[in-house]
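Asks: Next one to model:
(chains A, B and C)
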Amino acid sequence: MFRRLVESKAATVALTVDGKPVSAREGDTVAAALLAAGIDHSRTTPVSGAPRAPYCMMGVCFECLVSIDGVGSRQGCLVPVCDGMRIETQRGKREAGR
Amino acid sequence: MTRATTKASDLAAAYDLAIVGAGPAGLAAAALSAGAGLSTVVFDENPGVGGQIYRAIATTPVADRTVLGEDYWAGAALAAEAEASGALIVTGATVWSLDPTLEIGVSIEGAARMIQAKRVIIATGALERPFPVPGWTLPGVMSAGGAQTLLKAQGLVPLGRTVMAGSGPLLWLLAAQILRAGGKIDAILDTQPRRNWLPALAYAADFVLSPYFDKGRRLLREVRRQVTVIGIDWLAAVGDDKLREVAFGRGGSERRLPVDLLLLHQGVVPNVNLAMAVGVDHAWDARQLCWSPVLDADFNSSVAGIAVAGDGAGIGGGTAAAERGRIAAIAAVRALRPEALGSLPSEQGVRQSLQREEMGRAFLDVLNRPAPQFRLPKGDTIVCRCEEVTAAQVRDTAAMGCEGPNQMKAFLRCGMGPCQGRLCGLTVTELIADARKVPPAEVGYYRLRPPVKPITLGELASLPISDAERKAVER
Amino acid sequence: MKTADVVVIGGGIHGCSTALHLALRGLKTVLIEKDYAGRHASGVNAGGVRQLARDIAEIPLSLSSMDLWERMGDLVGDDCGFESHGTVLVAESEEELAGFRERVADLRLRGFSHEELIDRKELKRLVPAVADHCPGGVVSRRDGAADPFRTTQAFRRRAVELGAEVREGVAVTGLTRAGSVWRVETSDGTIESPRVVNAAGAWADRIAAMLGEPVPLAVVAPMLMVTSRLPAFIKPVVILRGRKLSFKQLDNGTVVIGGGHLAAPYRPKRDGDRLAQARDQRRHGVGAVSGHARRHHRARLGRHRSLYAGRHSRGRAERDIGGSLPPVRLLDARLPARAGHGGGDGRAGRDRQDEHADRGVEHHAVRGPGRVAIDAQVVARISRMPRKARLYPATPKPAIMPLLARAVSETGPRRTGFEIWTSMVGKRTCEIAATSAG
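Replies: Model prediction:
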């Protein structure tokens, strides 16, 4: 859906998304990294399980909710990536402890 | 430029002026206020300053200035001035609570703090008007603003088959920016109703004299030269678990285009959640079709000590936002440190500048007024994205006699998801107004309260509570 | 001139249930509601259906209410979302548990067995998420929660089906005696009736004042928080004595947390006036809690002895989670001025920490100021309603949220990573399948 505009001088950042390695760039937000990597959806809804992808990229739509390093319901568009981050798509309801 | 990250524990207990939002209004206000010697803090939940219009102004990977345009780069000076002013600018800070005593609840990296301010400027800006068409929740459909953020902040450009749909200056600006960046747009589906031209002409004189006229004309020409523009009066995103096609037409016609990315936009509206939660009076703006705070000439709201500046005060654009921020900051200085007024820019000058910036808005507002079918969806079209409530459900409940959005929550949970009505509130208000045949002003809006952004129980539990505070809430 | 056998003022659960039972007995009833049924406390409360931790005087009514709840479908044609997994009162220390033990023993002596002392093991079994330091508690197994708005609407609907007239959006503007009847002036005409029931909740004092009998009324605005949806992890309703806390998880996964912490209340005259509400809100801002406390005074029995169809408990008994119950009086203009017999039950004049003249269910008639006779038992019989009484509140104090959050995190789910995103003052959540909240 998206490609990088310039050969960015920004450093590569190594993430895992649902266990699979994904390469991002410094300066990406988690949501941007997912979209740049062509990942289909960031979460499935707690009401019907429908897949959703980031929509507004500015923190108001809450479609980009993902689990980051074990903590759920993080708005991916507000969190800058860092090396080694573990990202998981959020399936349905957030667990009470995560 | 990297900023030393401020932690929640680094915050002082109190500041003279607290500004929520580091967009143009917030940055301009901060620079002026700190320059006048007020202890000033700015909170913004995004990773950097600039708000939306100047998104990633300090860090954008898009080095070629012609791509984003000079209007964008004007933000660099604002950001630099604020950074140099001595104001404490805290990014990654979410303000989840503000109350009439001007106590602010803020959360940084999962740690919450309460701080006290003598005055507050809410500069949380605007967000895009909801664009509820069938299939708008499918992965592959995004707001134009979202795509613009990806471009500005990460240098990402649409790849594959891309269609843009809607109306309003931001749509055309983004189209130009994408094209300048070497991206391709398969089509722009123009939803601007032709019949808006007639009432818009009443404001044409001001518009022609304003900076918008020339800029707008050139932009439209630039885009139309390179992209097919199709006038439509309906559209739908089609797909199963993700977007496959966009269907559209005018009148009875129907066309389909296979598409990977559909970008929707039909204007921006004030982001009212924090202001409404603290009790700022709002009124329905029938021209801009949104709720705007009721403000005086200094942008003071109905809650003492709280001003609302920038697009949150009513849509006016980035440059106007900066001027509004300055006026609100001048008022704060007048209240807290009047002896410093002499060193500030002339208030009259700022107001004149604001007036010039606001010229031409009326024309744009009327011209770009979204057609009713794009504000009043039907059938299975989702209205409340969070709780997956459809237009049919909202209409049926209104027909049953449901009087307003708050009563509707009781029936449908509509508006009770994490976005707290940001993406459905206007649609619900207008749908109920349409069903009851009363003006939206009478229907009202969701009753909003803190926390205006989700906060974990654990974080809340970590906040200190004094005995006096505990006693005040117990019988 | 419109007439009725009874005019009921107020469309909350008290009013709607009164109207229903009157209609069941064939009485021509008109209910006047200034907004819509369930708009205020009755529609937005925590939804607890609770026998646990009641003041002794309330227990008989509470027990017979529970019978009603278990057959709610028969009465109103809707189970109102009632789900019964018990209410558990959690002790946080051995002293607390000892106090509970005494209480349960006392209840047994009085013939009540609905409260059961439980040990650590049983507590953990009922509430697996409870913190380790809690040694036990008390359970009332028939208890549960229902959907308050749905309940109020169900009573309203059934009352109308049985012939009651419910007039919403109509406010009572005056109440005067006209010979042998009461003349009820409203914003939409006048009704005459020999009997009037004041079920106006947080506005009941204003109705009473129309008769020249101002009743001191505490307007209480408890606050609630609602979390995001979570996978199911808690079944019973959990309450505490040692701190102000209660919480429950609904079918939709959200957890509703309350406990009686106060927000600043306001009582708009009518819904429509938004600006006035906002102005009122500012006037009654943060300082209003103490302001309202000052307004109350300890009333002595005698002139203002009134009857309440329920009570809220004070003193040794657990403080009711929520506000004071509104007075429900049967004003019968036909009875002679000195009818009924006075006297108290020993509680007369008792001066506890009351801020106002709340009295228990007094099973005898009480003489008012010469004008009315009130038969408690009649009222108790005709208003066999579930116990709800949450007053419509307003501006929350953010300070409350940390208190509640700490309380939950220390006693309850030890994992506190889930989020609050709706702070509701007496608001309610529901889904289409409608389970209670709020």
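
Asks: Give me the next element, helix or strand, following the longest helix along chain C.
Replies: Under DSSP state H, the helix in chain C containing the largest number of residues is helix C:94-109. Sequence-wise, the next helix or strand downstream of helix C:94-109 (DSSP states H and E) is strand C:116-119.

Asks: Please list the outside residues in contact with that next one.
Replies: Here strand C:116-119 makes contact (C-beta atoms under 8 Å, 6 or more residues apart in numbering or on different chains) with C:Val88, C:Phe100, C:Arg101, C:Val104, C:Leu126, C:Pro135, C:Gly136, C:Gly137, C:Val138, C:Val139, C:Ser140, C:Arg141. Backbone N, C-alpha and C define where each C-beta goes, glycine included.

Asks: Try it again at 10 Å.
Replies: C:52, C:86, C:88-91, C:97, C:100-105, C:107, C:122, C:124-127, C:135-141 (C-beta atoms under 10 Å, 6 or more residues apart in numbering or on different chains).

Asks: What residues does C:Lys235 make contact with?
Replies: C:Glu83, C:Ser84, C:His85, C:Gly86, C:Val88, C:Leu126, C:Val127, C:Pro128, C:Ala129, C:Gly144, C:Lys248, C:Gln249.

Asks: what sits opposite the residue nearest the centre of chain B in the beta ladder?
Replies: For chain B, B:Ala126 is the residue whose C-alpha lies nearest the centre (C-alpha atoms, centre = their mean; 1.5 Å). Beta-bridge pairing for B:Ala126 (DSSP bridges): B:Pro270.

Asks: Could I get the full set of strands for the stretch 301-450 of chain B?
Replies: For the stretch 301-450 of chain B, strands defined by DSSP state E, counting those that start in this stretch occupy the ranges B:306-308, B:382-384, B:389-390.

Asks: Give me whichever of these is most buried.
Replies: Of all the strands of the stretch 301-450 of chain B, strand B:306-308 has the most neighbours on average by mean count of other C-beta atoms under 10 Å in any protein chain shown, namely a mean of 29.

Asks: does chain C sit close to it?
Replies: No. Judged by C-beta under 10 Å from any C-beta of the partner chain, strand B:306-308 and chain C are separated, with a smallest distance of 11.3 Å.

Asks: Quick one: mean pLDDT for that strand?
Replies: If you average the pLDDT over strand B:306-308, you get 98.

Asks: Stretch C:74-94 now?
Replies: Here the average pLDDT along stretch C:74-94 is 94.

Asks: Do I have it right that B:Gly69 meets B:Gln177?
Replies: Yes. Using C-beta atoms under 10 Å, B:Gly69 is in contact with B:Gln177, at 6.9 Å.

Asks: The two: which has the busier surroundings?
Replies: B:Gln177 (23 against 15; other C-beta atoms under 10 Å in any protein chain shown).

Asks: you'd agree the more buried one is up against B:Thr149?
Replies: No. Between B:Gln177 and B:Thr149 there is no contact under C-beta under 10 Å: 11.5 Å.

Asks: In its sheet, which strands sit next to the helix or strand bottoming out on mean pLDDT in chain A, and in what direction?
Replies: Within chain A, confidence by mean pLDDT, DSSP states H and E is lowest for strand A:71-75 among all helices and strands, at a mean of 90. Applying DSSP bridges, strand A:71-75 is found paired with strand A:65-68 (antiparallel).

Asks: Many thanks, I have nothing further to ask.
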